[in-house]
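*Asks:* What follows is a protein structure lacking sequence information:
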C-alpha cells in the first residue's frame, strides 16, 4: 500500500500532464494532427536566439535514465518542448524500474494511463511530422523527431518498448486501452507505419503475440492490438510483402479457431469457461482485423476471415444462450459490411452475403417466439436487433458505394452477382417478426430501424412494394407508430419513407395495387397531424413533402377529406377561410410529384400552415 503523500503527488502530476497535453497539442479529431503554430514559433525563436542547443536537447531526450542535473547544459540550453517530452519519458522510466523491481503497487494506474495518453497526443503531431505542411520548422524538433532521423527511430522504439511492457505486465484496463491506442496511432498513417516496421520493438510485440496460445491480451484490448498489427501491414511496399506479413499475423489465429471448432469434443465442451473465453478472444481478434483493413489489404484479409464467417451461423446456434458471444458474432459481420464490403469483388461479396443470410436465419431460428415469452431478455434482444439493423443497412450501402475491382469470368463477361438490396430485404423479412412495440421503445434501436427501412425504400421502392402483403402491412404499421409516438427524428424518417414510396407509386401508375391501397390511410393521418398542431415546426418541410406526394397519389380522396373538414365547421366564417386556404394550397400547381411543382407547393404550404393554425382548432 502506497503512502498518502504519493497519492497527492500523483494527482498533481496527472493534472500537469493533462494541461500540458492540451497546451502543446490541438484537437485533431477528423483532421491532420499538426504542431500548433504558436509552439512551433516559440521553439524557432528559442533556437534562433541561441537559447537552445540541438545537441544538448538530443542528449537530454536520449538519456531517460539520467537526471537532468547530470547532463551538462541541459537545464540552461535544452529546447523547452524537447525538455518537456524528455521529462515525461523520464517519468515513464521511473515507472518501468518500479515494475521491474516488482513494486508496481506503489504506482498509480491513473497516472500511468495519463502518461500514455500524453505520449499518444504528442506523437500524433510531433513524431515524424510532414514538413510540407509547415512554412517554418524548428530545427530542434525536426532533428529530434523528424523523418529520417535517429532521434525519431529511438523515440519510436522507446514507445514500442513501453507499450510492450504495459500490455504484458500490467492488468489495469485503462492503461492497456491507452497503450493500444498509442500503438494504433503509431501505425495509422502509412508513413509512420513504415518506420514502426523497422523497429525491433514492434516485432517483439508481434512475435510474443504469435507465440502465445491466447494472444497477449484478453477481451476488447485484443481487438485493438490486432487492428494495429493489420494497419502496420498496409505500410509494406509490395503485395507479396503484405501477404507474407498478414499470413504471419493471421495464420496462427486462423489455426486456433480451426482447432477449436474441429475438435471432436467441441459440442460437448463448448459451454466450458475456457472454451468460451478462447472463442471470445478469437472473435475479438478478428473484429480488430476487420477494423484495421484498408483498400490495399482488404482482399487478402477477406481470404483469412471468410472461413471464420462461414462457421459463424453454426457457432451462433451453438452459443444462442450466451448473449455476449451472439453480439460478438453480429459485430464481426457489421464490421465486415461496414469496412470491407465496398472493396470486395462480386464473388467475395456473394460469399459475404451468403454468410450473413445464414447467420440471420440462425438468429431468427433461435429467437422467434422467445421475445414475448422472456420479458427479461428485452435488453439482450434490443442489442442484437440493433446490430442486425446496422448489418442490413451496411450491406445495402454496397449498391451505391462499390469500389471493388472489375471481375470477369473465363469468357470475359462480367460476373453476375446477388444484389445487396435483395439480401437486405430478405434479412428484413426475417427480422420483422422479431420486432414489437416494446423493442421500439428503445430509442437507439427505434432510430436504427426507421433509418434502415427508409434507406431501403429510398433505393428500392419497387422491391418494398413487391414484398408479401403481410410484411408490407407490418412495415406500414410501424410507420404509423413512428409518425405519432417516437419523436421528431423518427417522424422525419417516416415522412421520407412515405415520400419515396408515394413518388414511386405515382410515377409507375400503380393505382389500385395492394401497396397503393395500403398507403391510402396515411393521407388522412398526415392531414390530421398537421392541422392539430401535432407536428413540430422544425420538421414541417419534411411533412409537407410527404403530404404533397400523397395528394398527388390520392387526389380524389384529398378532395373528399377537404370537403368533409370544411363541412364539419359550425362557424361559416371559419369554413370559408378554411376553404380559401385549401384552395390556395394547390393553386397554380400541377400535381405530378415533379421537383418544380414541389417547390411551389412548399411555398404555398408554409403560408397555409401560418393561416390555418391561426384560426382552426381541430378537436
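*Replies:* Ah, there it is. Computed from a prediction, not measured in an experiment: that's the story for all the values here.

*Asks:* For the helix or strand hosting residue 153, buried residues please.
*Replies:* Here residue 153, judged by DSSP states H and E, is contained in helix 150-169. Within helix 150-169, the residues scored as buried using 16 or more other CB atoms under 10 Å are 151-152, 154-167. C-betas here are computed from N, CA, C, even on glycine.

*Asks:* Next: stretch 265-285.
*Replies:* Going by 16+ other CB under 10 Å, stretch 265-285 has these buried residues: 270, 275, 276, 278, 279, 280, 281, 282, 283, 284, 285.

*Asks:* just stretch 487-501 next, same as before
*Replies:* 490, 491, 492, 493, 494, 495, 496, 497, 498, 499, 500, 501.

*Asks:* now, which of those lie within helices?
*Replies:* Applying DSSP state H to those, the entries found in helices are 490, 491, 492, 493, 494, 495, 496, 497, 498, 499, 500, 501.

*Asks:* Adding pLDDT and distance to residue 387, write the residues you listed out as a markdown table.
*Replies:* Output for those, formatted as a markdown table (pLDDT from 0 to 100; distance: CB to CB, whole Å):
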| residue | pLDDT | distance to residue 387 |
| --- | --- | --- |
| 490 | 94 | 19 |
| 491 | 94 | 25 |
| 492 | 95 | 24 |
| 493 | 95 | 19 |
| 494 | 95 | 23 |
| 495 | 95 | 27 |
| 496 | 95 | 23 |
| 497 | 96 | 22 |
| 498 | 95 | 27 |
| 499 | 94 | 28 |
| 500 | 94 | 25 |
| 501 | 95 | 26 |
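
*Asks:* so can I have a markdown table of those showing distance to residue 561?
*Replies:* Output for those, formatted as a markdown table (distance: CB to CB, whole Å):
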| residue | distance to residue 561 |
| --- | --- |
| 490 | 25 |
| 491 | 20 |
| 492 | 23 |
| 493 | 24 |
| 494 | 20 |
| 495 | 18 |
| 496 | 23 |
| 497 | 21 |
| 498 | 16 |
| 499 | 19 |
| 500 | 22 |
| 501 | 20 |
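
*Asks:* nearest to residue 188, of those residues?
*Replies:* Distances from residue 188 to those, taken as CB to CB, are shortest for residue 493 (33.9 Å).

*Asks:* Looks like residue 270 contacts residue 278 (just checking).
*Replies:* No - judged on CB atoms under 8 Å, residue 270 makes no contact with residue 278 at a distance of 10.4 Å.

*Asks:* The buried residues of stretch 265-285 into CSV, with extra columns for pLDDT and secondary structure?
*Replies:* CSV is the format used below for those (pLDDT from 0 to 100; DSSP: H, G, I helix; E, B strand; the rest coil):
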residue, pLDDT, secondary structure
270, 94, coil
275, 94, helix
276, 94, helix
278, 92, helix
279, 94, helix
280, 94, helix
281, 91, helix
282, 94, helix
283, 95, helix
284, 94, helix
285, 94, helix
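
*Asks:* Buried ones in the particular helix or strand that has residue 45 in it, by neighbour count?
*Replies:* Here residue 45, judged by DSSP H and E, is contained in helix 37-48. For helix 37-48, burial by neighbour count (16+ other CB under 10 Å) applies to 39, 40, 42, 43, 44, 46, 47.

*Asks:* what mean pLDDT does it have?
*Replies:* Computed over helix 37-48, the mean pLDDT rounds to 93.
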